[in-house]
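*Asks:* This is the structure alone, sequence omitted:
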């Protein structure tokens with residue numbers, strides 16, 4: 001008799017688990033070396049806490065009630081729980097605060113696509129260090145962690161969550177239409193983006209701005225195309241703070257945006273030719289901590305350990 005696991009979940013057997021453990025231990029060594037203290041938070045959070053991010057009701061998909069009738073939900077990332085930790089356990093601690101984690105998160109997925117509901121993530125949160133210095137530290141640790149895991153061919157796409165909203169503001173896009181344009185960018189559907197932009201009846205200069213800028217990818221020279229819009233000047237300063245080996249990993253991507261609405265500045269994703277999906281994501285969320293009662297700038301990232309394992313296996317086979 002075969003007893004299945006729930007769709008989107010799986011058993012991890014000893015051979016694979018040994019390989020995953022080697023990956024996480026290498027990453028943990030990098031986090032420890034840079035002064036990031038590891039934390040655990042409950043897998044269950046009160047939904048009212050997650051709703052402080054203004055995303056709780058949209059992202060929480062596994063709900064239950066406690067003995068008092070309050071709604072509990074499985075966490076869908078670690079950034080929001082750590083924001084709660086900072087506000088409640090470190091209300092007066094002198095910043096910057098450095099946290100790391102290795103934890104499972106739970107997502108709503110379409111099972112027919114074979115996507116996991118349960119994700120093992122490894123990441124950091126740097127709280128109280130503003131841009132661009134804090135962003136430079138996060139990107140440096142990201143590269144050191146991937147190097148320690150043994151990944152060789154990765155690149156990091158780096159963009160600005162504030163850029164496209166600035167472009168829409170400059171072009172006079174009505175506010176009620178802006179979410180539909182951002183949705184097209186999130187899914188990288190540039191055909192849909194162009195169609196929606198042209199349907200607005202804007203001038204050709206505005207259309208070129210809204211359709212052309214998000215297609216720019218390359219070195220730091222692409223930032224010159226947007227002048228002072230968004231945080232382009234901050235990204236240029238960031239580039240100057242990074243070491244040569246980290247710069248060599250970067251691809252500036254002016255169409256990169258994130259679904260999570262709490263991102264405010266630099267955003268980034270990790271790619272590897274051995275895998276057709278991002279291995280990790282991160283960025284600045286300078287407004288989120290204030291919603292929990294401690295207004296501090298912050299930046300962080302999360303690596304999908306299972307995807308990292310697949311990419312490592314793919315690179316080894318290609319050698």
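*Replies:* In hand now; what should we look at? Please read these numbers as outputs of a predicted model, since none were measured by experiment.
*Asks:* how far does stretch 35-45 sit from the chain's center?
*Replies:* Remark: stretch 35-45 is offset 17 Å from the chain centroid, using CA atoms, centre = their mean, to the nearest Å.
*Asks:* Buried residues, it. List them.
*Replies:* For stretch 35-45, a neighbour-count test (16 or more other CB atoms under 10 Å) marks 36, 39, 41, 45 as buried. C-beta: built from backbone N, CA, C; applies to glycine.
*Asks:* pLDDT averaged over it, what's the number?
*Replies:* What stretch 35-45 shows for mean pLDDT is 96.
*Asks:* again with stretch 298-318
*Replies:* Stretch 298-318 carries an average pLDDT of 94.
*Asks:* Give the buried residues for stretch 150-169.
*Replies:* For stretch 150-169, burial by neighbour count (16+ other CB under 10 Å) applies to 151, 154, 156-168.
*Asks:* between those residues, which is closest to residue 142?
*Replies:* Checking these against residue 142 by CB to CB gives residue 156 as the nearest, at 6.9 Å.
*Asks:* tell me the pLDDT at the closest one?
*Replies:* Here, the pLDDT recorded for residue 156 equals 98.
*Asks:* Please name the residues that touch it.
*Replies:* By CB atoms under 8 Å, 6 or more residues apart in numbering, the contact set of residue 156 is 139, 142, 143, 249, 250, 251, 268, 269, 270, 271.
*Asks:* what about the second one, how many neighbours?
*Replies:* With neighbours defined by other CB atoms under 10 Å, the count for residue 142 comes to 24.
*Asks:* Quick check: it vs residue 308, distance?
*Replies:* Look at residue 142 and residue 308: by CB to CB, to the nearest Å, they are 12 Å apart.
*Asks:* Ok, the fourth one next?
*Replies:* Residue 249 sits 15 Å away from residue 308, going by CB to CB.
*Asks:* So between those two, which is more surrounded?
*Replies:* More neighbours surround residue 308 than the other of residue 249 and residue 308, with 27 against 19 (other CB under 10 Å).
*Asks:* Surely that one forms part of a strand?
*Replies:* No. Under DSSP: H, G, I helix; E, B strand; the rest coil, residue 308 falls outside any strand and is assigned helix.
*Asks:* residue boundaries of the helices in the protein?
*Replies:* Taking DSSP state H as the test, the helices found in the chain are 14-33, 47-50, 56-59, 79-89, 133-149, 163-171, 178-186, 190-198, 204-212, 232-241, 244-247, 305-318.
*Asks:* Quick check: which of the ones you listed is nearest to residue 296?
*Replies:* Of all those, it is helix 79-89 that lies closest to residue 296, at 7.3 Å by CB to CB.
*Asks:* starting at the chain centroid, how far to stretch 140-149?
*Replies:* 16 Å.
*Asks:* let me redo that: stretch 193-209
*Replies:* Taking CA atoms, centre = their mean, the mean C-alpha location of stretch 193-209 is offset from the chain mean by 28 Å.
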